[in-house]
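In: Show me the folded form of this:
(chains A and B)
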Amino acid sequence: MVETFAAEIKSFIVANFLFGEEGKGFADDQSFLESGIIDSTGLLELVSFVEQKYGISIGDREMVPENLDSLRNVSELVARKLQAVGSKA
Amino acid sequence: MITSLLEGGAQLDPDRIAVVCGSDRLTYGDLLRDTERAAASLQSLGVARGDRVALCLENSREAVVSIFAVAMAGAVFVPVGRTVKAPKLKQIFNDCSPSAVIADARMRPVVDEALSTVSSVKALISVGEAEHPIVKTVSFSHLVAGGAIQSQLRRDGIDLDLAALIYTSGSSGRPKGVMLSHANIEAATASINSYLKNTPDDVILDVLPLSFDYGLYQLFLAVSSGARLVLEKTFVYPSTVLELIARERVTAFPIVPTLAALLARLDLSHHDLSSLRYITNTGAPLPPAHIRFFRASLPHVSIFSMYGLTECKRVSYLSPDEIDSRPDSVGHPMDNVEVFVADELGGLAATGAGELVIRGSNVMQGYWAAPDETARVLRPGPLAGQHLLYTGDRFRIDAQGYMYFEGRLDDVIKSRGQRVSPKEVENVLYELHGVTAAAVSGIPDEVLGTAVKARIVVDPAIPLTEQAVMRHCAARLEEFMVPTVVEFVDGLPLTDSGKIVRGPANAGAMDDRAR
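Out: Down below sits the predicted model:
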């Protein structure tokens, strides 16, 4: 599942922050911050995309680099959140 | 000299922490020692008095040392924002002919490309090890550790010498270098500290880039008070920054409206912000909803609403006890600054409406190598020997002297606290094959205040997408200049003389709505 999320989130980032420039690829564990892929307003766009796409909610205190600063971190956050929802149901 | 601000702090207590950046903690003594060594090394590399040294660095220990070292060597530092692209960096390099460039690994690709077009650069100082194929490369660590010794340092500057060139956008579309002397920076720093009342117990959090004058001055405000500067590279993760405030017991937090909008989405009660003494805001007025948010969630914190422009750093501030009663005013002039409004006939008055005109020791020396543009904004005053700065901002000053910003006289857009020249963006749009006409204006944006919008007419034979246009702009313009909206139109309205009508630069509607 994590791979599917990663692919979906990556295409959102490529379309919206790299303006479709596939060639400017980035590694799954590359820091968005260090590489300058996403700025502060970009992060908000990413968070609302992920929230809407997967029907999850990301709280203020979850908005930390450990959860959001690379494709891997975001995908794993989504997987964890969905798993938590699933186990409750 | 601005280096005496640092020396004052070091004399007070060399073991006090001056700068915190990530895991780096630099005492006043360390900072002064590194500065002296780096200054001596710069001189030994051929940097002479009055030479320009470009700083292509993100917020870091190296950036702080570089700023003071260049100044101590008698040279002029030219801070460059980390999102600058090669075409603009080339323009800046060609304009000011730097004799050295200090760059970190992140900015090296852009710097290396720009270096290919300038011959003035004698040395590239690299934070990191990578060599440049042509330009002599010296590592930053060599500059402070293995280079020249302090006793070789020559210090023959005076405070009328230029300390900094800060590039800003103008209506011409070409970046202009604002020339600031040591005396200008010291005067502005003293006036600002007289109302912020920083002391050695203050801890100032700087999330704004040191390449942006508002971010840069936090360094001078801190060291001149013997205070501590906590440097952060970005504001992407607000919760992380709020934790930093709690951990470092931050007392002072300078922001721009975009950061206020991001903070206002959070529940601040999750964080221990009891150490905060004040928040400052400039760039554009805070919307009243955000003022109410801060007043309600941080009742112990003073909010300073301020106004200024790079050409003189700061002009005015509103006393924090008036923020509730006059949220839309930027208050009165700070110490040692005089303001007027110029009417259409050029008469100057203390009250009324018109272009804001400034007089003070903080006013710049002019624009680098641009005598005509300088003459347009720096003009003689009514009394012999006076020099006045014409700001290009429309203001109203009421009978009690309260100042109100009403908009720009030209069509420069203010977005994220920075100036965006529509012409500079349009020039880039015209470089895109297929664009036959372009008009750039501002539109209201909840987070950015004003966002950049481009309307373009495209040759029907050449298919262009919104994404392609944005990608083209993002490769050539700094982040804050890239249009967030691109609209394809069949034609653009023209004036009688055939010039394209751009549309409003700064969304007045946004201000009205926000109030």
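
In: ok, A:Arg61 - contacts?
Out: A:Arg61 is in contact with B:239, B:270, counting by Cβ atoms under 8 Å, 6 or more residues apart in numbering or on different chains. Any C-beta I mention is one placed from the backbone N, CA and C, and that applies to glycine too.

In: And the pLDDT at it?
Out: Confidence at A:Arg61, expressed as pLDDT, is 82.

In: looking at this, it is in a helix?
Out: Yes: counting by DSSP: H, G, I helix; E, B strand; the rest coil, one finds A:Arg61 located in a helix.

In: what residues does chain B put near chain A?
Out: Chain B has residues B:82-83, B:106, B:233-240, B:258-259, B:262, B:265-267, B:270, B:447-448, B:465, B:467-468, B:470-471, B:474, B:479 near chain A, with proximity defined as Cβ under 8 Å from any Cβ of the partner chain.

In: Give me the subset of those that lies in strands.
Out: Counting by DSSP state E, these place none of their members in strands.

In: ok so B:Glu113 is a strand residue?
Out: No: secondary structure assignment places B:Glu113 outside any strand; it is helix (three-state DSSP).

In: who's in contact with the residue lying closest to it once chain neighbours are set aside?
Out: Once flanking residues are discounted, B:Glu113 sits nearest to B:Ala86: 4.1 Å by Cβ to Cβ, 6 or more residues apart in numbering or on different chains. If a contact means Cβ under 8 Å, 6+ apart, then B:Ala86 has B:110, B:113-114 as its contacts.

In: And B:Ser191, by the same measure?
Out: Here B:Ser191 is in contact with B:314, B:334-337, B:360, B:362 (criterion: Cβ under 8 Å, 6+ apart).

In: Using the three-state scheme, assign it.
Out: Three states are possible here, and by three-state DSSP the one that applies to B:Ser191 is helix.

In: Per-residue pLDDT of it, please?
Out: In the predicted model, B:Ser191 carries a pLDDT score of 98.

In: That one and chain A, how far apart?
Out: From B:Ser191 over to chain A the distance is 30 Å, taken as Cβ to the nearest Cβ, to the nearest Å.

In: got a winner among the contacts of B:Ala86 for most neighbours?
Out: Within the contacts of B:Ala86, most neighbours by other Cβ atoms under 10 Å in any protein chain shown means B:Ala114, with 27 neighbours.

In: any idea how far the closest residue to it other than its chain neighbours is from B:Ala123?
Out: Nearest non-adjacent residue to B:Ala114, counting by Cβ to Cβ, 6+ apart: B:Leu89, 3.9 Å away. Applying Cβ to Cβ, to the nearest Å, one obtains 17 Å for the distance of B:Leu89 from B:Ala123.

In: Over to B:Val489?
Out: Noted for B:Val489: a distance of 49 Å to B:Ala123, by Cβ to Cβ.

In: more crowded one of the two?
Out: Higher neighbour count among B:Val489 and B:Ala123: B:Ala123, with 22 against 13, using other Cβ under 10 Å.

In: beta partners of the more buried one?
Out: In this structure, B:Ala123 has the following beta-bridge partners (DSSP bridges): B:Ala100.

In: per-residue confidence at it?
Out: Per the predicted model, pLDDT is 95 at B:Ala123.

In: List the contacts of it.
Out: With contact taken as Cβ under 8 Å, 6+ apart, B:Ala123 is in contact with B:45-47, B:99-101, B:135-138.

In: Least confident secondary structure element in chain A?
Out: helix A:32-35 (a mean of 82; mean pLDDT, DSSP states H and E).

In: So is that helix next to chain B?
Out: Yes: part of helix A:32-35 sits close enough to chain B to count as contact by Cβ under 8 Å from any Cβ, namely A:32-34.

In: For that helix, list the C-alpha coordinates in CSV.
Out: Output for helix A:32-35, consisting of C-alpha atoms alone and laid out as CSV, is shown next (Å, rounded to 0.1, in the frame of the first residue of the first chain):
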residue,chain,number,x,y,z
PHE,A,32,11.7,18.4,0.8
LEU,A,33,13.1,21.1,3.0
GLU,A,34,16.8,20.7,2.0
SER,A,35,16.0,20.3,-1.7
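
In: if we can go back for a sec, mark which of the contacts of B:Ala123 are buried, thanks.
Out: The neighbour count (16 or more other Cβ atoms under 10 Å in any protein chain shown) marks B:45, B:47, B:99-101, B:135, B:137-138 as buried among the contacts of B:Ala123.

In: Could you find the closest non-adjacent residue to the closest residue to chain B within chain A?
Out: Of chain A, the residue with the smallest distance to chain B, taken as Cβ to the nearest Cβ, is A:Phe19 at 3.5 Å. Among residues not flanking A:Phe19 along the chain, B:Arg471 sits closest, at 3.5 Å (Cβ to Cβ, 6+ apart).

In: Next, count neighbours for that neighbour.
Out: 18.

In: One more: the one 3 residues further on?
Out: The number of residues packed near B:Ala474 is 19, by other Cβ under 10 Å.
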